[in-house]
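Undergrad: Fold the stuff below for me.
(2 chains)
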Amino acid sequence: MPLLKVTIDTIEVEVEAGTTIMNAARQIGGSVVPPAMCYYSKLEGSGGKCRTCLVKVSRSSSKDIRPLPKLVAACRTAVQDGMVVQNTTSPEVMESRQAITEFLLLNHPLDCPVCDQAGECHLQDLSYEHGLEDTNTVEERRTFEPVDIGDYIKLHMNRCILCYRCVMVADQLTDKRVHGVLGRGDHSEIGTHISKAIDNDFSGNMIDVCPVGALTDKTFRFKSRVWFTKPLDAHRECPTCSGKTAIWMKGSEILRVTGRKDKYGELEEYICNDCRFHHKDASDWIIEGPRAIERHSVISQNHYEKLKTPGTTEPEF
Amino acid sequence: MATQILLNNIDVPGLANFEVYRQLGGYSSVVKTLKNLTPDQVTGEVTKSGLRGRGGAGFPAGMKWGFIDKKSEKPRYFVCNFDESEPGTFKDRYIGQRNPHQLIEGMILGAYALGAGSAYIYVRGELFYVLRIIEKAIEEAYKQGFLGQNILGSGYSLDLYCQPGAGAYICGEETALLESLEGKRGNPRIKPPFPALVGLYGCPTVVNNVETIAALPWILNNGGEAYAAIGVENSKGTKLISACGHIKKPGVYEIELGLPVEEFIYSDEYCGGIRNGHKLKAVVAGGSSVPILPASLILKTAAGEPRLMSYESLSEGGFQSGTMLGSGGFIVMDETTCIVKNLLTFARFYHHESCGQCSPCREGTSWMEKILHRIENGQGTMKDIDLLVSVSKHIEGNTICPLGDAAAWPVASAIRHFREEFEEHVKLQKCPF
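TA: Residues are numbered from 1 along each chain as shown, chains lettered A, B, ... in the order given. As a prediction, the model looks like this:
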């Protein structure tokens, strides 16, 4: 198959047929990558819902030089040969992204100071980058009481942006999904219908795929701000999963265990609940070394630097 | 009297019964078609007729059929969209309730043209009484050999099913309808792929509106050219208009496309003029989703030409001074109507019916309703009016399905044409009506 040439924000890249604009942009990397709140490359059928990744296609392909009439979702639109895409270079895109950010925050409680996700929250990043300084709303926000779904997970529906990721991960990773989206419109919510516990060996991954603080780890809640903990790559022999995790330590204590996330916040591998919730003792783990954290992340702001490991002479950044 | 294609025999007592319908010449198109025409010839006739989708978008029906994936080895499906729930539109219900056999006849023709072995009629949940009428009619058609195995000895077999929805407006969007028909949550799918390639159960599917399908028997009986002889420009044939609001004679009317709007409103054959000597203020010409137009712009275009009931004429002037034929829900308002209140009703509807899948529509529709509620109840500010415009602008075109646009257009157009009325609400701090 010949590679397709696509230009995103004046940068040209060659990709395989069937690649989406989002993934083509990720091959370039940096600021041309549109933000993704609902798209998750490892979940089939995800994306297209949050509309934060809308981009302008100013030339459809080399055969059809007309622009597309509407902005398109980068995560669900396949590239064509000769396509020209504008992301940050289009004022129209930036305006719509600001508007979508406002929509997403419309019913969001903005309780970052007490939210466990703060510091690694995609919505927080999005609003820092694209949000308004002031608010246009005077309306009351829709509110829900936090609920326990299962022994390990707390659901704060107020914070949810209905990205459907947790529904998809339950569909595609586990046998039986017991939660889903109930209701419709702005009164739709994630729920288990008749309070049912989500009891599954891999249910903890719902926490990791959640882009906001809607699903949080009950074993970690209110223990520490995430930037006061230090992430380390670690592994253990696990009969259920690969056992490759990131452990978040404060002093010699492990405060939480998560999967290893790449720079787009996506898990490298799903891990089991046993590793995630039941092994909080440092002696359970073989520590590989500090986990590389993006320099712009608030987590690395805590005077935390990647240790020099043999073979690297210069820090990566 | 204009040509009557859909409502020709609508007042005949007992039309919903097979015998009565058959005596009036019903099902003759099926007999003729299955004997003499190939599926491609049927599609050819429909293309020739210039019939456009009557559900609202006005997409040429023949072209839509032409898109179906003929190379695929999967079964094909033909689906009838009977999820009529647009405020102001009540034309499909009229056909389904009074003349279900005409719909079934059209379904057989359409399914034959597409080579579908199964066809579905997806009926809106609230119309359960229509569902029963249709189910009875399907049963009769099975008994008479017009449905089932080897129809009339032609070798063509068709199973027709009637499926009730659960009363969601969003399931009128064709991909949401297919999801719902599959038994899932009625969320619109992200397109492409379009249903002609990946539709019901992942198979090639065509979804058509009730009125579109009900016009097929006449087209096959009289030929596509005869149908194309009616109407103007690219608006061919007849259209059902469900007229309501402040008119003397509300009801469902069949018009030949190209009828002047003025004649439709004021002639005694149709709406019969505005009630009790009131004056015309505004018209929503094609169901709640289309832009509202003031009296001056609905009777004449911005260029001064008389406006006609046709796809082209109604949309002349774009969104600045035009509207759309839409689904044919013709809502007339006289000078006692509060535009803001009317808009609030529409906004509440879209807020309630948004599926909640994509963020601009989910959050934007509720926000617009809240702002309008504020203005109508005297708590609005001048800034709110601009905010409404900006919210509607940011919903439009940014959503997965057209529901977002449908929610945004009425708001944008009402403010464009009736801004003073919004400002009056703010200045008086109450509704002046």
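
Undergrad: which stretches of chain A aren't confidently modelled?
TA: Residue ranges of chain A with pLDDT under 70: A:295-296, A:300-317.

Undergrad: Domain-wise, how is it divided?
TA: By the record's domain assignment, chain A is partitioned as A:4-99, A:107-217, A:226-301 (automatic domain parsing).

Undergrad: List, one by one, the residues from chain A near chain B.
TA: When proximity is defined as C-beta under 8 Å from any C-beta of the partner chain, chain A approaches chain B at A:47-52, A:54, A:70-71, A:73, A:76, A:95-96, A:99-100, A:102-104, A:106-107, A:136-137, A:139, A:161-162, A:164, A:180-181, A:183-188. Quick note: C-beta positions are derived from backbone N, CA and C, even for glycine.

Undergrad: Could you rerun that using 7 Å?
TA: Listed as neighbours of chain B in chain A under the rule C-beta under 7 Å from any C-beta of the partner chain: A:48-51, A:54, A:70-71, A:76, A:96, A:99-100, A:103-104, A:106-107, A:136, A:139, A:161-162, A:181, A:184-186, A:188.

Undergrad: for stretch B:314-325, how far is the first residue from the last?
TA: Stretch B:314-325 stretches 6 Å from its first residue to its last (C-alpha to C-alpha, to the nearest Å).

Undergrad: Also stretch A:125-137?
TA: With C-alpha to C-alpha as the measure, what separates the two termini of stretch A:125-137 is 21 Å.

Undergrad: Would you tell me which of the domains of chain A gets closest to B:Ala408?
TA: Ranking those by proximity to B:Ala408 (C-beta to C-beta) places domain A:4-99 first, at 11.9 Å.

Undergrad: Quick check: which of the domains of chain A is nearest to B:Glu421?
TA: Across the domains of chain A, closest to B:Glu421 is domain A:107-217 (C-beta to C-beta), at 22.3 Å.

Undergrad: separation between B:Phe67 and B:Ala196?
TA: Between B:Phe67 and B:Ala196 the distance, using C-beta to C-beta, to the nearest Å, works out to 4 Å.

Undergrad: what residues are shared contacts of those two?
TA: By the contact definition C-beta atoms under 7 Å, 6 or more residues apart in numbering or on different chains, B:Phe67 and B:Ala196 are jointly contacted by no residue.

Undergrad: And the strands in the chain?
TA: The chain I'm using is chain A. In order along the chain, chain A carries the following strands (DSSP state E): A:4-8, A:11-15, A:54-59, A:72-73, A:83-86, A:147-149, A:153-155, A:180-182, A:189-191, A:215-217, A:230-235, A:244-250, A:253-258, A:286-290.

Undergrad: oops, I was thinking of chain B
TA: If DSSP E is used as the criterion, the strands of chain B fall at B:77-82, B:118-123, B:159-164, B:205-209, B:231-232, B:235-236, B:238-245, B:251-256, B:259-260, B:280-284, B:292-294, B:308-309, B:329-334.

Undergrad: what does the stretch 151-300 of chain B have sitting close to chain A?
TA: Counting by C-beta under 7 Å from any C-beta, the stretch 151-300 of chain B sits next to chain A at B:Arg185, B:Ile190.

Undergrad: can you list the domain ranges for chain B.
TA: Using automatic domain parsing, chain B is parsed into the domains B:18-228, B:232-334, B:339-428.

Undergrad: Enumerate every residue touching residue 245.
TA: Just going to use chain A. A:Ala234, A:His235, A:Val257, A:Thr258, A:Gly259, A:Arg260, A:Ile271, A:Cys275.

Undergrad: Can you look at chain B instead?
TA: Shown in contact with B:Gly245 (C-beta under 7 Å, 6+ apart): B:Ile331, B:Val332, B:Met333.

Undergrad: same thing but at 10 Å, please
TA: By C-beta atoms under 10 Å, 6 or more residues apart in numbering or on different chains, the contact list for B:Gly245 reads B:88, B:271, B:274-275, B:282-284, B:329-334, B:337, B:342.

Undergrad: just A:Thr174 next, same as before
TA: Applying C-beta under 10 Å, 6+ apart, the residues near A:Thr174 are A:Ile198, A:Asn200, A:Asp201, A:Phe202, A:Ser203, A:Asn205, A:Met206.

Undergrad: what are the ranges of the helices in the stretch 1-150 of chain A?
TA: With DSSP state H, counting those that start in this stretch as the criterion, the stretch 1-150 of chain A has helices at A:21-28, A:91-106, A:122-130.

Undergrad: Just the residues contacting the shortest one, thanks.
TA: Yep, that's helix A:21-28 we're talking about. Counting by C-beta under 10 Å, 6+ apart, helix A:21-28 makes contact with A:4, A:6-9, A:11-16, A:19-20, A:31-36, A:39, A:41, A:47, A:53, A:55, A:57, A:72-80, A:83, A:85, A:87, A:262-264, all of which sit outside it.

Undergrad: Just the pLDDT at the residue of the stretch 101-250 of chain B found nearest chain A, thanks.
TA: Closest contact between the stretch 101-250 of chain B and chain A, by C-beta to the nearest C-beta, is at B:Ile190 (4.2 Å). The model reports B:Ile190 with a pLDDT of 92.

Undergrad: Ignoring the adjacent residues along the chain, who's closest to it?
TA: Counting by C-beta to C-beta, 6 or more residues apart in numbering or on different chains, the nearest residue to B:Ile190 once its immediate chain neighbours are dropped is A:Gly48, at 4.2 Å.

Undergrad: same deal with A:Ser195?
TA: Nearest residue to A:Ser195 in three dimensions, chain neighbours excluded: A:Val147, at 7.5 Å (C-beta to C-beta, 6+ apart).

Undergrad: and the nearest residue to A:Thr219 once chain neighbours are set aside, what is it in contact with?
TA: Sequence neighbours aside, A:Phe277 is the residue nearest to A:Thr219 in space, at 5.3 Å (criterion: C-beta to C-beta, 6+ apart). Residues near A:Phe277 by C-beta under 10 Å, 6+ apart: A:Asp151, A:Tyr152, A:Ile153, A:Ser203, A:Gly204, A:Asp217, A:Lys218, A:Thr219, A:Phe220, A:Arg256, A:Val257.

Undergrad: Now list the buried members of those.
TA: Buried residues within the contacts of A:Phe277, counting neighbours by 16 or more other C-beta atoms under 10 Å in any protein chain shown: A:Tyr152, A:Ile153, A:Ser203, A:Gly204, A:Asp217, A:Lys218, A:Thr219, A:Phe220, A:Arg256, A:Val257.

Undergrad: A:Gly204 is in contact with the fifth one, correct?
TA: When you say that, I think you mean A:Asp217. Yes. A:Asp217 is within contact range of A:Gly204, at 7.3 Å (criterion: C-beta atoms under 10 Å).

Undergrad: Now the common contact residues for those two.
TA: When C-beta under 10 Å, 6+ apart defines a contact, the residues bordering A:Asp217 and A:Gly204 alike are A:Tyr152, A:Ile153, A:Val257, A:Thr258, A:Arg276, A:Phe277.

Undergrad: Out of the residues you listed, flag the one nearest to B:Phe82.
TA: For B:Phe82, the nearest member of the shared contacts of A:Asp217 and A:Gly204 is A:Ile153. The distance, counting by C-beta to C-beta, is 41.6 Å.

Undergrad: Roughly how far does the closest one sit from chain B?
TA: Plainly put, A:Ile153 is 22 Å away from chain B if you go by C-beta to the nearest C-beta, to the nearest Å.

Undergrad: What sits closest to that residue if chain neighbours are left out?
TA: Distances taken as C-beta to C-beta, 6+ apart put A:Leu215 closest to A:Ile153, at 5.5 Å, once the chain neighbours are dropped.

Undergrad: Let me see the contact set for the nearest residue to A:Gln98 once chain neighbours are set aside.
TA: Leaving aside its sequence neighbours, A:Gln98 sits nearest to A:His130 (C-beta to C-beta, 6+ apart; 5.2 Å). A:His130 sits next to A:Pro35, A:Thr52, A:Met94, A:Glu95, A:Ser96, A:Arg97, A:Gln98, A:Ala99, A:Ile100, A:Thr101, A:Glu102, A:Leu104 when contact means C-beta under 10 Å, 6+ apart.
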